[in-house]
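Here is the input, now give the coordinates:
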Amino acid sequence: MKTWVIRGGVAATILALVPVAHADTVLMSTEWGVKACEAWNAEPVLTDELAQSGWVANNKDRGHKIMHVYRTDCADSPRVELRIAAQDGKAKCVYGGKVESDPDLDVDYIMHAKTKRWVQMGNGEYGPMWAMMSFRLKFSGPKMEAMNNMGPFKKFLLLAGKVPSSAESCP
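So this is what the prediction gives:
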């Protein structure tokens with residue numbers, strides 16, 4: 001068996017050429033919120049159907065809806081806010097990141113689940129109806145509105161798997 005020895009300056013030069021691996025975005029972190037907002041805007045079911053159904057317009061004349069999401073088993077972690085507004089005939093995510101607004105549960109949403117459940121929903125193992133009926137997804141907000149928008153709601157839950165992230169640690 002041969003042993004290779006790399007001396008001083010050569011090792012430093014080789015290591016400088018190796019790209020540094022960046023840590024994954026943490027699921028439900030502020031950075032994840034930014035990326036989830038971008039993913040929302042790339043999903044026609046969310047942008048088109050939520051505008052056509054009138055979902056985005058139900059905002060008490062504030063000009064936007066608020067969604068807060070978080071991982072229940074990450075008790076000390078901050079929530080993530082997504083703000084959705086009507087723009088150019090679409091329901092566009094105009095903000096994703098740390099919480100900046102208080103939701104009005106007549107028109108806004110708070111959703112939380114254990115990390116394991118977010119991963120399962122993000123992988124498409126089950127949809128929003130089963131998630132809510134089995135209490136795997138805790139949900140506050142206008143339930144009938146959500147029930148009338150199951151297709152987009154399912155696409156929203158899939159963002160947990162679509163946005164590249166790690167669930168190994170809490171935000």
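
which stretches of this protein form strands?
Here the chain has its strands, by DSSP state E, at 65-71, 80-87, 90-98, 109-113, 138-140.

Save those as JSON lines, and put in mean neighbour count too.
No exception for glycine: its C-beta is placed from N, CA and C like everyone else's. Output for the strands of the chain, formatted as JSON lines (neighbours: other CB atoms under 10 Å):
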{"stretch": "strand 65-71", "mean neighbour count": "23"}
{"stretch": "strand 80-87", "mean neighbour count": "22"}
{"stretch": "strand 90-98", "mean neighbour count": "20"}
{"stretch": "strand 109-113", "mean neighbour count": "21"}
{"stretch": "strand 138-140", "mean neighbour count": "15"}
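
Any chance of JSON lines for those strands, columns mean pLDDT and distance to residue 53?
JSON lines is the format used below for the strands of the chain (pLDDT from 0 to 100; distance: least, CB to CB, whole Å):
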{"stretch": "strand 65-71", "mean pLDDT": "97", "distance to residue 53": "12"}
{"stretch": "strand 80-87", "mean pLDDT": "98", "distance to residue 53": "12"}
{"stretch": "strand 90-98", "mean pLDDT": "98", "distance to residue 53": "9"}
{"stretch": "strand 109-113", "mean pLDDT": "96", "distance to residue 53": "15"}
{"stretch": "strand 138-140", "mean pLDDT": "94", "distance to residue 53": "18"}
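
what's the closest of the ones you listed to residue 48?
Minimum separation from residue 48 across the strands of the chain (CB to CB) falls at strand 90-98, 6.3 Å.

Against which helices or strands is that closest one packed?
Secondary-structure packing of strand 90-98 (3 or more CB pairs under 8 Å, 6 or more residues apart in numbering; DSSP states H and E): helix 30-41, helix 50-52, strand 80-87.

Let's see that with 10 Å instead.
helix 30-41, helix 50-52, strand 65-71, strand 80-87 (3 or more CB pairs under 10 Å, 6 or more residues apart in numbering; DSSP states H and E).

possible to save those as TSV with distance to residue 162?
As requested, those are exported to TSV (distance: least, CB to CB, whole Å):
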stretch	distance to residue 162
helix 30-41	5
helix 50-52	17
strand 65-71	14
strand 80-87	14
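
Mind listing what's buried along stretch 124-136?
For stretch 124-136, a neighbour-count test (16 or more other CB atoms under 10 Å) marks 126, 127, 128, 131, 132, 136 as buried.
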